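Participant: Here is my input; please provide its structure:
(chains A and B)
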Amino acid sequence: MRRIVTLLLICTAFTLQSCFDIVEDVALKPDGSGNFKLVLNMSRSKTRINSIMKMKKVNGHDVPTKADIKNKVEDIEKIIKKTTGISNVKTVLDFENFIATFTCSFNNVTSLNSAVKNIGDKEKNTQPGVEKNYEYDAAAKTFSRLSRFSLKDEYQKLSAADREIFATATYTGIFRFQQDVSSVSNKESKIAGNKKAVMMKQNALDIITNKKSIENKITLVK
Amino acid sequence: MKKSITLFVLMGAACIAGRAQNLVNKVPSTASLVVKYSGDNLANKVPVKKLDSYNFVKNNLYKALKIDSLTSLESTGINFEQDAYQYVTMEDSSINFTSLFALKDVTLFLKLVQANYQAEMKPEKKNGFELLAISDGMYVGWNDKQAALVYSSYQNKKNYWDNMYSDHTVMVDSAMVAVDSVIAAPPPPPPPPPPPAKPKVKKAAPGKKTPAKKATGKKGKAKKPAPKKVDEEVVINETIEIAPIEDSPYSYDTTGQAEREAKQAAFEKEQNNYAAGIQKKLADSIINSFFNGNTASIETEVSYKKVIDPAANVSAWVNYDNLIYQYWKYVFGRGFYGGPRRYYDLGAAPRDFGNNENNGFRSGMNLFFEKDKMRMEQKMFAPDEKIAAMGRDIYNSKQSNALAGFINPGNVGYMSASMNTEAMANYYYKMIRQYLNSSPDTRKESAMLDVVMDFVEILIDEKGIADLMPGNMVFVLHDMKTKTVTYTDYTYDDNFKSTEIKKTKEELAPNFTFVMETRKEAFLKKIADLPLKYSERERFDYKEKGGYYELAFDPEKYPISSLFFMVKDGKGIVTTSKEVIDMTINNTGYTLDAATKNAVLNNNMSLRIDTKKLIQQINPQLSTDASKKISKYLEDNMGDVQMQGGLKDGMMQTTATMSITGNNTNSLEFFFNMIDEINNIIEKDKEERNQKID
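Facilitator: Numbering: from 1, shown residues only, chains lettered A, B, ... in the order given. From the prediction side, this is the model:
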């Protein structure tokens, strides 16, 4: 959590008005392969980030340079590229608007889970449940977004100033399919007009503190 | 640490007090810091019953003091209608914090002590008072009417590793004997474990005459022990076997590790016992002096009367000489680079002013809680006429009309300073010389230091610095403008197809000016011109604009669009305001209201912050409910903050005020109301957050 905070802290300033959005976009084909996109959008805080990037420390955390961030992202990219079943790995870092976009293709969702696990291992993550985020049962035509780990304890350990980062942060999850969606288990999620996508938007703090869940079992039309 | 916090809370509680009972007579003139909590004043302004009603008092102070939340501060047994004093003294390598206060009910007071410190309540009967050891460093003495609480901390404990690697062992102890003139007999340390079969260096304990060992280092000159000042009670005469350097613990040789650890534990225990002995002796002496002694009171110190106003609700007197010395002691007393302390560091040595009398500045702070404002008056006085004259020289300066013209009416805040920087440099040279000469270690090199300081004075041309910055300067926060910035977001259609869009939001951009006078205009112009040579290579937008320079920032990236630099008519200007630049080009300025003009031109220091305006302008940027509520409370209850300072009655004096508004009986009540309100908001917010988490 502290590593995440260190990276995210650059999107805060002395007034600690936090603002970042995470967008997770999964496009799944009937055979279980697909494309994955993760966007970290800190554009709302770009003037503050620019100011903070001129500083060495903020809230007691070292402020990474652009080179530090690039190196870190390259390291993560390398890990993902080595994961079996993952291809077309690409990261775009937009330092003008402070938007990071990661995209890749996957042969099956197990590969995606492995990629996340490998990153977790590299970062010495000890949280159980991080390794399983997606499940797809082609026969039963069900896709599940899982969330089997909790950041609540880690969050509670943070200082008040660090907690502020998450005050207005948002998470958006979009899952696209070639078949129609027949039902969703999470009442907070919406089915698209064309029935081929599901979207859920939540306050990041609600997710971290387990007030709301991003878990969702999506059943497709057989 | 917890105990220390509780101690200070306890002292704080003791200090909401009233009429004088001449406790000041018991505050010694040798004190470095004296705080007086005065009377009728405080108790009448916020009665104890009112204090009891505050949630933060019940939930925090009561808890800290382990008082039943259903009772009252009265149950501390402390008489809140009498004066209370706190003071700091330094002697025998120890710092002593003493609190003197009156008692209403001694039984209740002892209950309070017992609840907080779990002390074994077996007080010693002394002459006219009882003494209780709360811990190794904390003692309380009392009779039916008064109490004295002393926290003593011995600062000269030796470091085991330092002794391991130093052949100055003998020096340490002999020095210690000279320093710690009143030493109690500490219990003997446990016998050290059998030493390894290697050559040993025998370490002398205080009071034990030991032949000096020839030093190998520069500082390691052997000295004769100085046993003359040793109190007859000094009986640390055990010898500690110190292993030679070859037996280094850093070698990671695990052979004999347990033995070394035992030896270290024994050494540290001896040091702790030694410290505890000194602390007890000092505390006993201070408390005895409080009840029975004829102390030369701080009131006999001429500077105390000069700077302390008896009518103040709270006052503090500070002897800077001693405090600065203590600061150096703290810095150097730990050894260079944070390593172990060595005997020749300042911390291990007594201070002796020698020919440099302890006549530096004394400062007095007088705090008044008036109906509509808090007022703080600060005075600086030096008993030494030469030093006093140097202080007056620093303030021998007057703010210029031209600089005052940069302060716009309706500003958020400004600060104006007018000082003679050349006099300031001269003052610091003298002070540095004095401090170096008052340290036993550096004093012996005084001839060399004198030459070094002369050389520094030659290298640092204070006249040149004074020409560059004569000492007149003004900083103005004109306003906090909002600026529209664009950012990227995404929208989604019915089918959740995302589209990148641009949105706008308002952000705060401070609009400020800093201006200073200079007699080195040509040099400042060179500095202002320099970035032009590098702007292309370093890719920043810095341009000469005909009489001024503009450093432009990408408006999309930074809250400030431009920073302007200008050197004109003996002034160096840095500003975000194009209006200020235009005014300077046209040789015009803002027209000040009479009060501000008077404050700026007739004082060496002048400051004003329009609190309401500042809060109002920051408000839209606050993101959490709690911070918005706190901000609203402060906006409703806080008025302007002002400060003015200059020479008055031959002393440097400063008066700072903070006016209050809102529904408060007086400014002291505002102070408690504010803490209570902010505490309530934060606690409620915490509760809501926890509910969210659960």
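Participant: Chain neighbours aside, what residue packs nearest to residue B:490?
Facilitator: Distances taken as CB to CB, 6 or more residues apart in numbering or on different chains place residue B:498 nearest to residue B:490, at 4.7 Å, with adjacent residues excluded. Where C-beta positions appear, they are placed from N, C-alpha and C, glycine not excepted.
Participant: Next, count neighbours for the spatially closest residue to residue B:413 that is not a sequence neighbour.
Facilitator: Take residue B:413 and drop its neighbours on the chain: the residue closest to it by CB to CB, 6+ apart is residue B:609, 3.9 Å away. Around residue B:609 there are 19 other residues, counting by other CB atoms under 10 Å in any protein chain shown.
Participant: can you pull the contacts of residue B:609?
Facilitator: By CB atoms under 8 Å, 6 or more residues apart in numbering or on different chains, the residues touching residue B:609 are B:412-413, B:640-642.
Participant: Swap in 10 Å and give it another go.
Facilitator: Residue B:609 is in contact with B:411-415, B:477, B:638, B:640-643, B:658, counting by CB atoms under 10 Å, 6 or more residues apart in numbering or on different chains.
Participant: what's the answer for residue A:220, then?
Facilitator: Neighbours of residue A:220 in contact, by CB under 10 Å, 6+ apart: A:28, A:30, A:136-138, A:140-143, A:177-183, A:195-196.
Participant: Sitting in strands, which of the residues you listed do you find?
Facilitator: Members of the contacts of residue A:220 lying in strands (criterion: DSSP state E): A:28, A:136-137, A:142-143, A:177, A:181-183.
Participant: measure the residue in chain A that chain B sits nearest to to residue B:267 for me?
Facilitator: Nearest residue of chain A to chain B (CB to the nearest CB) works out as residue A:193 at 3.5 Å. Separation of residue A:193 from residue B:267 (CB to CB, to the nearest Å): 80 Å.
Participant: Look at these two and report which has more neighbours.
Facilitator: residue B:267 (22 against 11).
Participant: Near the nearest residue to that one once chain neighbours are set aside, how many residues? Count them for me, please.
Facilitator: Leaving aside its chain neighbours, residue B:267 sits nearest to residue B:160 (4.8 Å; criterion: CB to CB, 6+ apart). Neighbour count for residue B:160, taken as other CB under 10 Å: 21.
Participant: separation between residue B:160 and residue B:664?
Facilitator: For residue B:160, the distance to residue B:664 - CB to CB - is 55 Å.
Participant: Could you do residue B:268 as well?
Facilitator: 52 Å.
Participant: contacting residues around residue 127?
Facilitator: Going with chain A. With CB under 10 Å, 6+ apart, residue A:127 has these contacts: A:1, A:120, A:148-151, A:153-154.
Participant: wait, chain B
Facilitator: If you count contacts by CB under 10 Å, 6+ apart, residue B:127 has them with B:288, B:291-292.
Participant: Same check on residue B:659?
Facilitator: By CB under 10 Å, 6+ apart, residue B:659 lies in contact with B:370, B:372-375, B:611, B:638-642, B:667, B:670.
Participant: quick check, nearest of those residues to chain A?
Facilitator: Nearest to chain A among the contacts of residue B:659, with distances taken as CB to the nearest CB, is residue B:611, at 17.0 Å.
Participant: Ignoring the adjacent residues along the chain, who's closest to that closest one?
Facilitator: residue B:638 (4.6 Å).
Participant: Please name the bridge partners of that neighbour.
Facilitator: residue B:660 (DSSP bridges).
Participant: Please name the residues that touch it.
Facilitator: Counting by CB under 10 Å, 6+ apart, residue B:638 touches B:609, B:611-612, B:614-615, B:658-662, B:670, B:674.
Participant: gap between it and residue B:659?
Facilitator: 8 Å.
Participant: Okay, buried residues for stretch B:403-423 please.
Facilitator: B:403-408, B:411-423 (16 or more other CB atoms under 10 Å in any protein chain shown).
Participant: confidence score at the closest residue to residue B:89 other than its chain neighbours?
Facilitator: With CB to CB, 6+ apart as the criterion, residue B:89 has its nearest non-adjacent residue at 4.9 Å, and that residue is residue B:96. Note for residue B:96: predicted pLDDT of 91.
Participant: Put the alpha carbons of the one helix or strand residue B:96 maps to into CSV.
Facilitator: Secondary-structure assignment from DSSP states H and E places residue B:96 in strand B:94-102. Output in CSV follows, covering the C-alpha atoms of strand B:94-102 (Å, rounded to 0.1, in the frame of the first residue of the first chain):
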residue,chain,number,x,y,z
SER,B,94,21.8,18.3,33.8
ILE,B,95,18.8,20.1,32.6
ASN,B,96,16.1,20.6,35.2
PHE,B,97,12.5,21.4,34.5
THR,B,98,10.7,22.6,37.6
SER,B,99,7.0,23.5,38.1
LEU,B,100,5.9,25.4,41.2
PHE,B,101,2.3,25.6,42.1
ALA,B,102,-0.2,25.9,45.0
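Participant: got the contact list for the closest residue to residue A:144 other than its chain neighbours?
Facilitator: Distances taken as CB to CB, 6+ apart place residue A:135 nearest to residue A:144, at 4.2 Å, with adjacent residues excluded. Taking CB under 10 Å, 6+ apart as the contact definition, residue A:135 lies against A:109-110, A:113, A:142-146, A:217.
Participant: ok, which residues in the stretch 401-550 of chain B are in contact with chain A?
Facilitator: B:483, B:485-490, B:492-498, B:500, B:502-503, B:505, B:507-509 (CB under 10 Å from any CB of the partner chain).
Participant: swap the cut-off to 8 Å and go again
Facilitator: For the stretch 401-550 of chain B, the contact set with chain A under CB under 8 Å from any CB of the partner chain comprises B:485, B:487-490, B:492, B:494-496, B:498, B:505, B:507.
Participant: What segments of chain A are helices?
Facilitator: A:2-9, A:46-52, A:66-81, A:109-122, A:152-157, A:160-163, A:204-208 (DSSP state H).
Participant: ends of stretch B:548-559, how far apart?
Facilitator: Taking CA to CA, to the nearest Å, the first and last residues of stretch B:548-559 lie 21 Å apart.
Participant: make that stretch B:315-323, sorry
Facilitator: This stretch, stretch B:315-323, spans 17 Å end to end (CA to CA).
Participant: I'd say residue B:31 and residue B:298 touch.
Facilitator: Yes - between residue B:31 and residue B:298 there is a contact under CB atoms under 8 Å: 5.7 Å.
Participant: Tell me what the closest residue to residue A:40 other than its chain neighbours is bridged to.
Facilitator: Take residue A:40 and drop its neighbours on the chain: the residue closest to it by CB to CB, 6+ apart is residue A:100, 4.5 Å away. Here residue A:100 sits in beta bridges with residue A:40, residue A:93, going by DSSP bridges.
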